[in-house]
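*Asks:* Okay, here's the prediction I keep looking at, along with the sequence it came from:
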Amino acid sequence: MMALRAAFSQVRESNGLLYTLAHRGFTAAARKGADVPDVTAAFERAITPDVAQHLSDHGYAVVDGIFGKDVARQLRAEVVELYERGLMRKNCTHLVKDNATSLVEKSHVHEAELTLDANIQSAAPLCSSLNSDRTMATLLSLFMPQVTLDSQAIKLQYNAGGGGCFPVHLDSDEQLDGRRVTAIFYLNPDWHEGQGGQLRLYPFPSGPPLDLPPLEDRLVLFSSCRMPHRVMPATAPRCCFTIWMSQSRRRSFVRSAPSLASLEPAAPPEQDPAAAVRFLMHPAVKQHVCKLVYGEEWAQSLQESHAESAVREAMLQQHWREVDVIRRSLGKYLPTIERLRQGELRTRVEWF
Ligand SMILES: O=C(O)CCC(=O)C(=O)O
Ligand SMILES: [Fe+2]
């Protein structure tokens, strides 16, 4: 542990630019009369080797009490202010069909990307200062040698309630972009069960879906490319912000997408069940297995997240066509998939 801490200080000291940016963020917060929180210390307390180990082994980790109540309230106030000043945009689901992308608005969910917009940065100085601090990415890279997180982006979200939610999705595709770790900070004091809005993770096949209430001052980390998740309908306003940490420099070393045929075991699943499980758990295959296993729930979440429209219908039809194709191409593995679903087969998942 001491050796790791020493290595961490060296990394930090060699990166003066990040410190300057973080300091500018704090100065802006201070000008507004806010206390100046020590964000670096908060991240150092939060991202321990144990947290990184849990993230690595299970694909997610939860840390409560990140900044303390006062800072959490300041962060929430910034998110609410951006919403009330009309500086947020409706979040959209992207439907890619016949080489064209249509955007389908999610009901009630509003967002602002801080990274690109100087106006929004100055309206939310504390949130911006969090994104300028690289401690979280540095520590995760140190404790999880599978990833080298060298850039990050932040998005603020205001869900106005009234059933606002997200469909089941992955945040990223490792063939297409560098996002590897999603970190969501929740900012909802006095949350109670009846308000919904839980983050639901699907850590298949390690366990059943897991509901995490969006509690004030809670941080949830998970694998951007390999952890399917959704947000349950929220009946009350719900605030959070997300930091996506990416490995941009090593992207070119990421293996290219293998074909299903090249991964398939030579022996049929009855003869070599272990090889069948390995095949089904390959990240390129597992995402399809999840879509099949949670097909109904996936469809329902698409319906709940968007108002009725022709594009939503097209999205649902596309979903069911995909599920059908997956079911047919994985036909001989269906009994193995069912056993995985029942938790009868133990297997190690590579989450990163
Ligand atoms: O609001 C949340 O809890 C998660 C939002 C989400 O999944 C996303 O922005 O991609
Ligand atoms: Fe997401």
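*Replies:* Sure thing, it's come through. Ligands and ions are numbered 1, 2, ... in the order given.

*Asks:* any chance you could map the strands in this structure?
*Replies:* 60-64, 89-97, 100-113, 151-159, 164-169, 179-186, 199-201, 210-212, 218-223, 229-234, 238-246 (DSSP state E).

*Asks:* Report pLDDT for the nearest residue to residue 305 once chain neighbours are set aside.
*Replies:* Of all residues not flanking residue 305 in the chain, residue 167 sits nearest, at 4.5 Å (C-beta to C-beta, 6 or more residues apart in numbering). (Each C-beta comes from the backbone N, C-alpha and C, glycine too.) Residue 167 is assigned a predicted lDDT (pLDDT) of 96.

*Asks:* Please work out how many residues are found near residue 167.
*Replies:* Residues lying near residue 167 (other C-beta atoms under 10 Å) number 22.

*Asks:* Could I get the contacting residues of residue 182?
*Replies:* Applying C-beta atoms under 8 Å, 6 or more residues apart in numbering to residue 182 gives the contacts 171, 221, 222, 223, 224, 227, 242, 243, 244, 245.

*Asks:* and the third one, what is it in contact with?
*Replies:* Listed by C-beta under 8 Å, 6+ apart, the contact partners of residue 222 are 55, 59, 60, 61, 181, 182, 201, 229.

*Asks:* try 7 Å
*Replies:* Contacts for residue 222 (C-beta atoms under 7 Å, 6 or more residues apart in numbering) come out as 59, 60, 182, 201, 229.

*Asks:* Residue numbers of the stretch 201-350 of the chain in contact with ligand 1?
*Replies:* Proximity of the stretch 201-350 of the chain to ligand 1, by C-beta under 6 Å from any ligand atom, involves residues 229, 231, 240, 242.

*Asks:* lowest average confidence, helix or strand, in the chain?
*Replies:* In the chain, no helix or strand scores lower on mean pLDDT, DSSP states H and E than helix 16-31, which sits at a mean of 33.

*Asks:* circling back: relative to residue 106, which of the residues of the stretch 201-350 of the chain next to ligand 1 is nearest.
*Replies:* Nearest to residue 106 out of these is residue 231 (C-beta to C-beta; 9.4 Å).

*Asks:* give the contact list for the nearest residue to the closest one once chain neighbours are set aside.
*Replies:* Closest residue to residue 231 apart from its sequence neighbours, by C-beta to C-beta, 6+ apart: residue 166 at 4.0 Å. Shown in contact with residue 166 (C-beta under 7 Å, 6+ apart): 106, 230, 231, 305.

*Asks:* Kindly reformat the residues you listed as a markdown table containing distance to residue 342 and pLDDT.
*Replies:* What follows is these, written out as a markdown table (distance: C-beta to C-beta, whole Å; pLDDT from 0 to 100):
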| residue | distance to residue 342 | pLDDT |
| --- | --- | --- |
| 106 | 33 | 91 |
| 230 | 22 | 98 |
| 231 | 27 | 98 |
| 305 | 29 | 95 |
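
*Asks:* With distance to residue 271 and neighbour count as extra columns, can I get those in JSON lines?
*Replies:* Formatted as JSON lines, the contacts of residue 166 follow (distance: C-beta to C-beta, whole Å; neighbours: other C-beta atoms under 10 Å):
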{"residue": "106", "distance to residue 271": "46", "neighbour count": "21"}
{"residue": "230", "distance to residue 271": "37", "neighbour count": "24"}
{"residue": "231", "distance to residue 271": "42", "neighbour count": "27"}
{"residue": "305", "distance to residue 271": "42", "neighbour count": "27"}
